[in-house]
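Visitor: got a predicted model here, sequence first, then my questions.
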Amino acid sequence: MAIARPFLIALALVIFVLSNIVFFMWAEFKISGRVADRLGPMETGRFHGWAQPLADILKFLNKEDIIPANADKLIFRVAPFVGFIPVVMVLAAIPYTNKIFVRDFDIAVFFVIALSSFTFVSMVMGGWASGNKYSLLGAFRAAGMLLSYELPLGLAIAGVVMLSATLSLIGIVQHQTVWNIVLQPIGFLVFMVAMQAELQRSPFDLAVAESELVAGYSVEYSGMRYAMFQLGEFFGLWALASMAVLLFLGGWHGPYLPGIVWFFIKFYGIFLFLAFSRVSVPRVRPDQLMDLGWKILLPSALVNIVITATLIVLVPHYQLPLAISEFAILIGALYLMRRVLK
Amino acid sequence: MPQHKSTPQLMEINLGPQHPATHGVLRIVLTLDGERVVKAVPHLGYLHRGVEKIVEDLEYFQIPPILDRMDYVANLNNELSYVMGVEKLAGLKVPERAEYIRVILLEFNRIMSHFAWFGPFTNDLGLFGTAFLYGLREREYIQRLFERTTGARMHYNYFTYGGLRHDIPEGFVEEARHLANRLPAVIDEFEYMVEENEIFRLRTIGIGPMDGKTALNFGASGPFLRASGIPIDLRKDEPYSVYDRFDFKVCSASGGDCFARYKVRMDEMRESVKIIQQALDQMPDGPVRAKTTRHLKLPKGEVYMRTEHARGEFGAYIVSDGGVRPYRLKLRSPSLSNLMASCVLLPGMVLPDLIATVASVDIVLGCTDR
Amino acid sequence: MAENAAPGSKNQTHLLEIERLLKGAHGQALVATEVRNDELFADISPAAVPDIMRWLRDDKSCRFDYIRCLCGVDYPDHVTVVYHLFATKTKSKITVRTDVSKNSPAVSSVTDIWAGADWPERETAEMFGLVFEGHPDPRRLLLTDDNDAMPLRKDFKLDYGDARRGVSE
């Protein structure tokens, strides 16, 4: 029994996350449908097309796995797994409450960020190995994004880590008597933007870019290998949305309701934000994306770190001054940007 | 061998004929340096059906259905040039009522065409699927009116020399007025949807700018030319039908970029609504068709009739040898000239801008290829 | 119809003026001219195409800066190339026709005068088997690269197969 326990936990976790992901897919269909003045799926499973994601997965399983003649066959085959397996491994590091978690890593933050960037590696591998020019373009867009968005993402978290002086996610949540979004608004904004880039969601879905690169890095993929990329994206969403909740929104903290409920309320709040932002803005151009990453997000993240570090060292009760100065800088910067852009 | 100066490795890539953003079967062979376009060679003809040859075997009354299939988004506008050319050559006088109904339908058709442009344009900018159906939804309401009037949803075959095939159905005026009254709010909604969007502005302002002189030199016309700051509109410059009786202004913009083209089309739809409302108010009673024969014989001669199509100047050059069939019918397609003009913009752009620029020109391949 | 074709109108006198100037400048190359329906028609010899076209664009009184349409018409012994020009300032129109013999089907390209003649010339060339001399990119436009037919010539008959069976000729 003792041997079977970790496997059972792992199985339960994956089933739980997978069922949530099926719900994500359905919710995305529905939200993007309603926003676009459509109904979304209505037939499969009778009630508002609830079974559509399941049907899609079954369809992918049934499809032929086509490997192009001039593809690099080994890398082409391996690439989806390179993206998929690490993001599933991330699940082990994410706590849902201080009682429900798989493992409390000392370096959980680092672990999650490191593993979730494997998605880009798999994109570059898959896109380059496909032997297709469109997928090659998609792959190199992905590589460019990897370079320019990992950095702000990591630096945005650095401020939080400095505040709580630990890399353990449970430790970070327990330390948040005041939610970090109040103390680190700049960090939170940078994290949210970089997260969307990391997840390849519109407006940053450059590596897929349907109207430009047909389907970007995944243009030659079919069947289950293609579904792996898609599923990997949703697991990544799970991981990073959880991270946003844990790092900035106080994790399971909240009045009256049990912790796990609070966690998922916040989690689905983030998910809704992502689902709506995906369908409401056009795609940016690669150079605009780089501009945003290097000229705005990275300096903001650095400013955030400098302020946080200075105040932690110099002021004993740093919470109020930190919140005030961060908000002041944020509002000032937004106002200036608006003036400059107009 | 150490090399300090790196020569760019160029990549040749085939954009189309099956590509989500080429609106049909346009094929552009691109030479790319990274994502920057070094050379763009368009290849046409994937939709070439030989319309100009087919019509030489048809009698005059048989031709409008073929013309419907050219620009399949603004069909009635296609029919008009030809029909007016025949009328001019035959000396037919069109009843006043028919002229008014023509104008109403033409302007509705123009709005439909711009709606059908708006959705795919945002699609190509990456707003995938969101605004698409808003455009098509409004188009659908107008299309229902057209279906009730002409009996068809797309290939209307409604204009004929001497007027219209048949009179408008009962309740047409009320329905048209209702539609025309709701349209300004709809156009506002579209503008609200995209115009203040930071990314939309980033992707359109200053992208694919064309100055008026070049556009003119390339024979561009319609919203594409007007967006470059040259307010040429055949409805005003060479008024045909009853357009000189309406109060409307020619919309133009100065930028010549994608945003200006978008803006010109949006403004133009508002003007179209104004024309429709005035035409509905002024529409007289009476017959809708002049007395003509089925097997019409045109006198020997030639005529070049041009009208303001939703996409620009649509011309029909009819050469008659005195028989029942045209000796030659040349159709001047606005899409062709506009596409030709936009193709000089492409080198030097990055791929996403190329997509945005081609989309902003508003081409219909059925019309360029004929 | 709102066609203001009244004789003696401002446009009409302007066109007559252009006709007079044209006769003065290129009289020997003109075959016939006519002002009809508010439009000037000029038949010219194919050799004079580049000169006259350039003159029409550059001369102060003409300024035909816009090429609306360029096409061919096939006749038994020659192909007529028709240019429809438009002056955006004065809103005057001119139709220039030139008869190109089928024995030497070559006419000078006007792409260097109006860039807009580019694709129409390519199309006319492939449809009528003409050669536009000096065209920068003389590929086929609509037909496939291996198609040598000249579809818009009258001796090219459409083969309808079964499609037209039962249709009275």
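Guide: Happy to help now that I have it.
Visitor: mind listing residues that contact stretch B:238-251?
Guide: If you take CB atoms under 8 Å, 6 or more residues apart in numbering or on different chains as the criterion, stretch B:238-251 is touched by B:80, B:84, B:96, B:99-100, B:102-103, B:226, B:231-236, B:264, B:267-268, B:271-272, B:274-275, B:278-279, B:282, B:305-307, C:1-3, C:91. Placement of C-beta: from N, CA and C, glycine included.
Visitor: can I have the buried ones of those as a PyMOL selection?
Guide: Selection of buried members from the contacts of stretch B:238-251 for PyMOL, criterion 16 or more other CB atoms under 10 Å in any protein chain shown:
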select buried, (chain B and resi 80+84+96+99+100+102+103+226+232+233+234+235+264+267+268+271+272+274+275+278+279+305+306+307) or (chain C and resi 1)
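Visitor: what about the residue of chain C found nearest chain A, which SS state?
Guide: Taking CB to the nearest CB, chain A has its nearest neighbour within chain C at residue C:145, 22.7 Å off. When states are read from DSSP: H, G, I helix; E, B strand; the rest coil, the local structure at residue C:145 comes out as coil.
Visitor: how about the nearest residue to it, chain neighbours excluded?
Guide: Counting by CB to CB, 6 or more residues apart in numbering or on different chains, residue C:139 is the residue found nearest to residue C:145 once chain neighbours are left out, at 7.5 Å.
Visitor: that neighbour and residue C:120, how far apart?
Guide: From residue C:139 over to residue C:120 the distance is 14 Å, taken as CB to CB, to the nearest Å.
Visitor: likewise for residue A:209?
Guide: Taking CB to CB as the criterion, residue A:209 is separated from residue C:120 by 35 Å.
Visitor: also residue A:224?
Guide: Taken as CB to CB, the spacing of residue A:224 relative to residue C:120 amounts to 51 Å.
Visitor: next one: residue A:222
Guide: Noted for residue A:222: a distance of 43 Å to residue C:120, by CB to CB.
Visitor: same check, this time on residue C:130
Guide: Counting by CB to CB, the gap from residue C:130 to residue C:120 is 12 Å.
Visitor: more neighbours: those two, which one.
Guide: Set residue C:130 next to residue C:120 and count neighbours by other CB atoms under 10 Å in any protein chain shown: residue C:120 wins out with 28 against 19.
Visitor: show me what the host helix or strand of that one packs onto, helices and strands only.
Guide: When secondary structure is defined by DSSP states H and E, residue C:120 falls within helix C:118-128. Contacting helix C:118-128 under the criterion 3 or more CB pairs under 8 Å, 6 or more residues apart in numbering or on different chains; DSSP states H and E are the following elements: helix B:334-343, strand C:66-74, strand C:131-133.
Visitor: point out the most buried one among these.
Guide: Relative to the other members of those, helix B:334-343 carries the highest mean neighbour count by mean count of other CB atoms under 10 Å in any protein chain shown, namely a mean of 26.
Visitor: any idea of the angle that one forms with helix C:118-128?
Guide: Computed by axes from the mean of the first three to the mean of the last three CA atoms, to 10 degrees, the angle separating helix B:334-343 from helix C:118-128 equals 130 degrees.
Visitor: mean confidence for helix B:334-343?
Guide: Helix B:334-343 comes out with an average pLDDT of 88.
Visitor: local confidence estimate at the residue of chain B found nearest chain A?
Guide: Distance from chain A to each residue of chain B (CB to the nearest CB) is smallest for residue B:126, at 2.5 Å. At residue B:126 the predicted local confidence, pLDDT, stands at 81.
Visitor: that one contacts residue A:205, correct?
Guide: Yes - taking contact to mean CB atoms under 8 Å, the distance of 7.4 Å between residue B:126 and residue A:205 places them in contact.
Visitor: with neighbour numbers in mind, choose between the two.
Guide: It is residue B:126, of residue B:126 and residue A:205, that has more neighbours when counted by other CB under 10 Å, with 28 against 21.
Visitor: ok, now which ones touch the closest residue to residue B:80 other than its chain neighbours?
Guide: Counting by CB to CB, 6+ apart, residue B:307 is the residue found nearest to residue B:80 once chain neighbours are left out, at 5.0 Å. With CB under 8 Å, 6+ apart as the criterion, the residues that contact residue B:307 are B:77, B:80, B:81, B:84, B:234, B:240, B:313, B:314.
Visitor: so where does residue B:307 fall, helix or strand?
Guide: Assigned by DSSP H and E, residue B:307 belongs to strand B:301-309.
Visitor: sheet partners, orientation included, of the helix or strand following that strand?
Guide: Beyond strand B:301-309 on the C-terminal side, the first helix or strand identified by DSSP H and E is strand B:312-320. Applying DSSP bridges, strand B:312-320 is found paired with strand B:301-309 (antiparallel), strand B:328-332 (antiparallel).
Visitor: let me know the average pLDDT across strand B:312-320.
Guide: Strand B:312-320 comes out at a mean pLDDT of 89.
Visitor: between residue B:126 and residue A:205, which contacts overlap?
Guide: Common contact partners of residue B:126 and residue A:205 (CB under 8 Å, 6+ apart): residue A:283.
Visitor: and the closest residue to chain B within chain C, what is it in contact with?
Guide: Across chain C, the shortest distance to chain B (CB to the nearest CB) belongs to residue C:116, at 2.7 Å. Contacts here follow CB under 8 Å, 6+ apart; on that basis residue C:116 touches B:217, B:218, B:219, B:220, B:337, B:340, B:341, C:66, C:67.
Visitor: swap in 10 Å and give it another go.
Guide: B:215-221, B:336-337, B:340-341, C:66-70, C:110 (CB atoms under 10 Å, 6 or more residues apart in numbering or on different chains).
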